[in-house]
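> Let's see this in three dimensions:
(2 chains, ligands or ions: 2)
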Amino acid sequence: MVVLQSKGINKYFKDPVTVKVLDEVSFSVNQGEFVAVTGKSGCGKSTLLYILSTMDTDYEGELWIDGQLMRGKSEGELARIRNEKIGFVFQFHYLLNEFTVLKNVMLPGLKLQRVSAAEVEHHAMERLKTLGIDSLALKKANQLSGGEKQRVAIARALINDPLIIMGDEPTGNLDKKNSDIVFDIFKQLSEEFNQTLLIVTHDQTFADNTNRIIEMQDGRVIS
Amino acid sequence: MNLKLIAEIAKSLLLARWRQSLVAAIGVTFSITMFIALLGFMNGLNDLLDGLILNRTPHVRLFNEVQPNPNQPINLSEEFKNGHNFIQSIKSSGRRLEIYNSGAIMQALKNDPRVLGIAPKISSPVLYNAGTIDITGVVSGIDVMAESELFFFKDYIREGNPLDLKNVGNSIVLGKGVAEKLLANLGDVIQVTTSKGERLPLKVVGFFQSGIADFDKVQSFASISTVQKLLGKPNDYVTDIQIKLKDLNIAPAVAKEYAQLFKADAEDIQTANSQFETGSFVRTLISYVVGITLLIVAGFGIYNILNMMIYEKMDTIAILKATGFSGSDVRKIFLGIALTIGLIGGLLGLLFGLSLSLLIDQIPFNTAALPTIKTYPVNYSPMFYIIGIVFSLITTYFAGFFPARKASKIDPVIIIRGK
Ligand SMILES: Nc1ncnc2c1ncn2[C@@H]1O[C@H](COP(=O)(O)OP(=O)(O)O)[C@@H](O)[C@H]1O
Ligand SMILES: [Mg+2]
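Ligands and ions are numbered 1, 2, ... in the order given. All right, here's what the predicted structure looks like:
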């Protein structure tokens, strides 16, 4: 089953001169695949990921998620799709420092309202347990180390059982040990829970251990 | 309910920046405090000044004006119907000042459901005689009980007991100015002479001060029966019937109706005192302008603080959007912050405004012109408090509107890429 598909995506930056940063990007991701996107710095990986995650709507071509065409959807509808179907993990662990770890994980679940707040909390605790950080649940987000933050971010990405998890160099800012922990979590999610993952990385060993590598160069998919 | 989640996020953001939020709220509190205190004080003054005249002015007054009869005999004559009437300098006949059939009229008025109460009155021009001096003036014969109840007569008695007018025969309450000119003290007996030359000794049982000096220099009060005796009239002789209505606003219509019904002249309070509205209106207007100006200043404070908060919370906004909150959710969060500041600041403002009003109410304010007033007057109308809180919410809504819209339009990609 195809979870995500891009058809001929072009992206231009028009500031100050028009530059084409994505050129006819077409590929699809199947349910349960663990895909790594690699390529040199500046080749357009992040740009692509922002488009695939529906945050950037200024592009040419088609993006299909879960069999739906994203073009023409309103800002609110896209927010709903991000909330329900996409879990996002950034390079810099974006947690909300005003909230506890637990609340950070719960927020997308509370927004979705698929289950009651109590159930959202229960799920959040389970995710934190799976990732071995349930002891940090009641700490404020800014009291955590980098590796811990990234694990919280993964727990948050998982809270609504998303169709696909996207990551933009989620290990790029971590030391070797923490990188390995994060990779192992992804691997475990893929193998045990059949979770679909699309992770941008420039860590070759990370990429080599996934199911499939999409390599990019100057805005094109080359393999 | 998604609103609950939005409220929770708004609360967290607010508490994370509680110092700035507090400053913004204090701005609102200050302006609402001033707004309430100012309106309360200004309207207290309005009530006082209006009360000076309006309290003791009947809503409708029935009387007979001395004027030439419009139906002169010549008009009735068939013979001269087509002729030109050149009779000049027609004089008023000895038309009586008294209201005909006053007993029946008063009974009819008492049965009228629109009427709150009536007080009969006789006005008579007199000369006060004390030794060799004669002072012109007016003695009003009144029903003390009705006069006190409807027109607060008791409030204007500086010395003596107003009830003595009724209980002591041949007694008089002198205007303060009159008493000073006559050098009269309580218990003294003064002589009063009418225009017809009748003379009567009257015992001074009190002094009256209305706050209007010119009035107090000529006016005195006696009971109706005393004045009837002074004028040598029977005991149904009454020159004025003062009527207080339940609703002041219908006075002009009622006056017209009574004039026809009772075949007397009738004057309504609006015609008698049209100028008072203007002063009150201007004072109220000033209070609103000052209050709203203060609120607008407070609004700019909120606007600044929200803008700063949004600048600081770019990451938070980007994350909320990336994880599925829509632009309108973000807008609601920041509007929620603004309205919370407005509501808390406003409610505190109402409380402080009330305290300040109570404080003003304690400040001594003694003036010879206003014998019953001991402290500054304050009006505590709930309307000011309702307007205050509504204004504070409206102002903060507008102050929050543009920052909130800006927040809702933040592009998460730019923020996330910028790291
Ligand atoms: N806002 C922007 N305006 C103009 N050019 C941009 C902007 N953002 C990124 N670029 C350019 O687009 C290209 C792709 O960037 P990016 O997707 O971040 O690359 P990667 O993530 O693969 O390192 C780069 O050459 C970068 O300079
Ligand atoms: Mg990048």
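> so how far is B:Ile416 from the most centrally placed residue in chain A?
The centre of chain A sits closest to A:Met166, judged by Cα atoms, centre = their mean, with a distance of 2.0 Å. Look at A:Met166 and B:Ile416: by Cβ to Cβ, to the nearest Å, they are 12 Å apart. (C-beta placed from N, C-alpha, C; glycine too.)
> Check which helix or strand A:Leu128 maps to.
Using DSSP states H and E, A:Leu128 sits within helix A:117-130.
> and that helix, what does it pack onto?
Counting contacts by 3 or more Cβ pairs under 8 Å, 6 or more residues apart in numbering or on different chains; DSSP states H and E, helix A:117-130 packs against helix A:101-112, helix A:146-158.
> Indicate which one of those is closest to ligand 1.
helix A:146-158 (18.0 Å; Cβ to the nearest ligand atom).
> Check the secondary structure at the closest residue to A:Asp218 other than its chain neighbours for me.
Spatial nearest neighbour of A:Asp218, chain neighbours left out: A:Cys43 (5.9 Å); criterion: Cβ to Cβ, 6 or more residues apart in numbering or on different chains. Three-state call for A:Cys43 (DSSP: H, G, I helix; E, B strand; the rest coil): coil.
> counting contacts, what elements does the helix or strand hosting B:Gly40 pack onto?
Assigned by DSSP H and E, B:Gly40 belongs to helix B:18-50. Applying 3+ Cβ pairs under 8 Å, 6+ apart, we find helix B:18-50 packed against helix B:276-312, helix B:327-360, helix B:382-408.
> and if we set it to 10 Å?
helix B:2-16, helix B:276-312, helix B:327-360, helix B:382-408 (3 or more Cβ pairs under 10 Å, 6 or more residues apart in numbering or on different chains; DSSP states H and E).
> Tell me where the stretch 101-250 of chain B has strands.
Using DSSP state E, counting those that start in this stretch, the strands assigned to the stretch 101-250 of chain B run over residues B:115-130, B:133-142, B:157-160, B:171-175, B:189-194, B:199-208, B:219-223, B:240-245.
> Need the contact partners of the helix holding A:Leu128.
For helix A:117-130, the external contacting residues (Cβ atoms under 10 Å, 6 or more residues apart in numbering or on different chains) are A:101-116, A:133-137, A:151-152, A:154-161, A:185, A:188-189, A:192-193, B:4-5.
> among those residues, which are in reach of ligand 1?
Among the contacts of helix A:117-130, not one lies near ligand 1 by Cβ under 6 Å from any ligand atom.
> Output the below-cut-off pLDDT ranges for the chain.
Chain wasn't specified; assuming chain A. Applying pLDDT under 70 to chain A flags residues A:93.
> Can you look at chain B instead?
In chain B, residues with pLDDT under 70: B:1, B:67, B:69-70, B:93-96, B:274-277, B:368-372, B:419.
> Please state the backbone phi and psi of whichever residue of it sits closest to chain A?
Nearest residue of chain B to chain A: B:Gly324, at 2.3 Å (Cβ to the nearest Cβ). Main-chain dihedrals, B:Gly324, degrees, to the nearest 10: phi 110, psi 10.
> and what of A:Glu75?
With angles defined as degrees, to the nearest 10, A:Glu75 sits at phi -60, psi -40.
> Next, work out how far apart it and B:Phe63 are.
76 Å.
> Please apply the same query to A:Val152.
In terms of Cβ to Cβ, A:Val152 sits 89 Å off from B:Phe63.
> between the two, which one's more packed in?
Applying other Cβ atoms under 10 Å in any protein chain shown to A:Val152 and B:Phe63 shows that A:Val152 carries more neighbours, namely 25 against 18.
> what sits against the more buried one?
Here A:Val152 is in contact with A:93, A:95, A:101-102, A:104-105, A:127-128, A:131, A:133, A:136-137, A:139, A:141, A:144 (criterion: Cβ under 10 Å, 6+ apart).
> So is stretch A:208-216 next to ligand 1?
No: Stretch A:208-216 does not reach ligand 1 (Cβ under 6 Å from any ligand atom); its nearest approach is 7.1 Å.
> start to end distance for that stretch?
One end of stretch A:208-216 sits 15 Å from the other (Cα to Cα, to the nearest Å).
> Excluding its own residues, what touches that stretch? List them.
Outside stretch A:208-216, the residues touching it (Cβ under 10 Å, 6+ apart) are A:22-23, A:25, A:27, A:29-30, A:32-40, A:43-45, A:48, A:183-184, A:186-187, A:190-191, A:197-201, A:203-204, A:207, A:221-223.
> Hmm, B:Tyr380 is touching B:Leu358, no?
Yes: counting by Cβ atoms under 10 Å, B:Leu358 is a contact partner of B:Tyr380 at 8.9 Å.
> Name the residues contacting each of those two.
With contacts taken as Cβ under 10 Å, 6+ apart, B:Tyr380 and B:Leu358 have B:Gly40 as neighbours in common.
> Of the contacts of helix A:117-130, just the buried ones, PyMOL syntax please.
Entered in PyMOL, the line below selects the buried ones among the contacts of helix A:117-130, by 16 or more other Cβ atoms under 10 Å in any protein chain shown:
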select buried, (chain A and resi 101+102+103+104+105+106+107+108+109+110+111+112+133+134+136+137+151+152+154+155+156+157+158+159+160+185+189) or (chain B and resi 5)
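> returning to what we had before: between the helix holding B:Gly40 and helix B:382-408, how big is the angle?
Helix B:18-50 runs at 150 degrees relative to helix B:382-408, counting by axes from the mean of the first three to the mean of the last three Cα atoms, to 10 degrees.
> can you give me the offset of stretch B:74-92 from its chain's centre?
49 Å (Cα atoms, centre = their mean, to the nearest Å).
> now do stretch B:183-202
37 Å.
> distance between the ends of it?
15 Å.
> Check stretch B:234-241 too.
Using Cα to Cα, the two ends of stretch B:234-241 sit 17 Å apart.
> buried ones in that stretch?
For stretch B:234-241, by 16+ other Cβ under 10 Å, it's B:Tyr237, B:Val238, B:Thr239, B:Asp240, B:Ile241.
> Please name the bridge partners of the fourth one.
When bridges are assigned using DSSP bridges, the partners listed for B:Asp240 are B:Phe63, B:Lys121.
> Enumerate every residue touching it.
Here B:Asp240 is in contact with B:58, B:61-64, B:97-99, B:102, B:119-123, B:140-142, B:264, B:267 (Cβ under 10 Å, 6+ apart).
> what about burial for these, which qualify?
Neighbour-count burial (16+ other Cβ under 10 Å) is assigned, among the contacts of B:Asp240, to B:58, B:61-64, B:97-99, B:102, B:119-122, B:140-142, B:264, B:267.
> Let's see stretch B:376-389 as CSV, backbone CA atoms only.
Provided in CSV are the C-alpha atoms of stretch B:376-389 (Å, rounded to 0.1, in the frame of the first residue of the first chain):
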residue,chain,number,x,y,z
TYR,B,376,-18.4,64.3,48.1
PRO,B,377,-21.3,62.7,46.3
VAL,B,378,-20.7,59.5,44.4
ASN,B,379,-23.1,57.5,42.1
TYR,B,380,-22.7,53.7,42.3
SER,B,381,-24.8,52.8,39.3
PRO,B,382,-24.1,49.2,38.2
MET,B,383,-24.3,50.5,34.6
PHE,B,384,-20.9,52.1,34.9
TYR,B,385,-19.4,48.8,36.1
ILE,B,386,-21.0,46.9,33.2
ILE,B,387,-19.8,49.5,30.7
GLY,B,388,-16.3,49.3,32.3
ILE,B,389,-15.9,45.6,31.9
